[in-house]
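S.K.: sequence unknown, structure follows:
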Ligand SMILES: Nc1ncnc2c1ncn2[C@@H]1O[C@H](COP(=O)(O)OP(=O)(O)OP(=O)(O)O)[C@@H](O)[C@H]1O
């Protein structure tokens, strides 16, 4: 008996015949299911548009906030805790509910949009230690405008949340991440530098930002470097913070004494800094010190601080973008810096920020005790300078804090300023 004869005999058998009928129905169902799947794929391909945004993309956090705003009715939430500084200076803890991983439906511009937030359990971003995530937007139709509109709105929403604040970024692995809570912008008037010093720098930066064409016309990289040097506590960092506020820029803070910083990482970080930000390199003398120590004692410094001096120079030279790139460096020891580091092109403007002059002391007193006659401020300045000619603004501020409501006490006890 052949195999087909055998199958024929089975079909004719009353017990097995019914089974064959079921197999026929099952096959039909499978075919129908397959057909539906193919139909769905074809429908998706031709009548639906999707946009996937990975968590590494700059717009990812903005989009999560946007989704939170639009998916108000969703019951599946996760929380993100942040800190916000109030006008009063108080720091408030803020809980933001974000849509949890899964599907959410949003009605937006007369369209239903499915938003799927996925989190990879298996994959971790090694640089930040966070799981890989993505959000996928799916809408009916072929019009991409809806996605542009969502991205644009999400960006504007994020900018609005930062209005009046300065965002500080710190380097986390190969990325810049917001650090702490956005700070209230520091007014320029709150930092008292020697007469016309602040104006000189502010004018220079504004002139630079306003003239990209000048640079492109001449083929000069559109970047500008600044070096503020001088003793501790005289206002270098405070001034840069106030400048960022004035320009409505954020600050990307990087300490060159960070032992985990390598040439490649620095190079990468400088090239991916957020738009409209000042890159602030602190302790810029640290690389030079390390280089000297390492050459004196190579064994002890082996493997430490893979950032080399030439790596720093290369990274600074590589900083070029279509956007104004502003790099500020600070140091307490300019004499320790290699001339190659501060040559024009790497540092275009150097400014000494030193101990308080008589004019500065008068201004500081006036700002702290606004209702006191000018003569009293001048008297304080004279007496303070008689105590020490090298007072830092931080020292003076500390002294005022001891006599918050007592300007006369602040003058009478001025000798305590050096304690
Ligand atoms: N010129 C200034 N006017 C007003 N406040 C100042 C000034 N300089 C310093 N201060 C105050 O002193 C503190 C320390 O200042 P800041 O960190 O800006 O100094 P710095 O020069 O950057 O010091 P370092 O070299 O140690 O980094 C801040 O709280 C700041 O408010």
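M.R.: Right, received. Where do you want to start? Here the structure is a predicted model, which is why all the values come from computation and not from measurement.

S.K.: check which helix or strand the residue most central in space within the chain maps to.
M.R.: Among the residues of the chain, the one closest to the centroid is residue 169, at 3.6 Å (CA atoms, centre = their mean). Here residue 169 is covered by strand 168-172, with elements defined by DSSP states H and E.

S.K.: repeat that for residue 330.
M.R.: Going by DSSP H and E, residue 330 is part of strand 325-331.

S.K.: on that earlier part again, and the residue nearest to the centre of the chain, how far from residue 278?
M.R.: 10 Å (CB to CB, to the nearest Å). To be clear about C-beta, it is placed using only N, CA and C from the backbone, and glycine gets the same treatment.

S.K.: common neighbours of the two, please.
M.R.: 250, 251, 252 (CB atoms under 8 Å, 6 or more residues apart in numbering).

S.K.: what stretches of the stretch 151-300 of the chain score poorly on pLDDT?
M.R.: Applying pLDDT under 70 to the stretch 151-300 of the chain picks out residues 181, 287-300.

S.K.: return the residues of it in contact with the ligand.
M.R.: 191, 192, 193, 232, 233, 234, 235, 236, 237, 238 (CB under 6 Å from any ligand atom).

S.K.: could you find the closest non-adjacent residue to the fifth one?
M.R.: Once its chain neighbours are removed from consideration, residue 233 has its nearest residue in residue 394; the separation is 3.1 Å (CB to CB, 6 or more residues apart in numbering).

S.K.: my guess is that neighbour contacts residue 234. True?
M.R.: Yes: counting by CB atoms under 8 Å, residue 394 does reach residue 234; the two are 7.3 Å apart.

S.K.: quick one, which of those two is more surrounded?
M.R.: residue 234 (26 against 15; other CB atoms under 10 Å).

S.K.: my guess is that one contacts residue 354. True?
M.R.: Yes: if you go by CB under 8 Å, residue 234 and residue 354 touch, sitting 6.0 Å apart.

S.K.: mind checking what secondary structure the closest residue to the residue nearest to the centre of the chain other than its chain neighbours has?
M.R.: Spatial nearest neighbour of residue 169, excluding adjacent residues (CB to CB, 6+ apart): residue 176 at 4.1 Å. What DSSP: H, G, I helix; E, B strand; the rest coil gives for residue 176 is strand.

S.K.: I'd guessed residue 176 sits against residue 252; true?
M.R.: Yes: the criterion here is CB under 8 Å, and residue 176 meets it with residue 252 at 5.5 Å.

S.K.: could you tell me which residues touch both of those two?
M.R.: Joint contacts of residue 176 and residue 252 (CB under 8 Å, 6+ apart) are 169, 170, 269, 273, 274.

S.K.: closest one to the ligand out of those residues, please.
M.R.: residue 170 (15.9 Å; CB to the nearest ligand atom).

S.K.: phi first, then psi, for the closest residue to the closest one other than its chain neighbours.
M.R.: Excluding the flanking residues, the one nearest residue 170 by CB to CB, 6+ apart is residue 179, at 3.9 Å. Residue 179 has phi and psi values of phi -120, psi 130 when expressed as degrees, to the nearest 10.

S.K.: distance check, residue 179 against residue 112.
M.R.: 38 Å.
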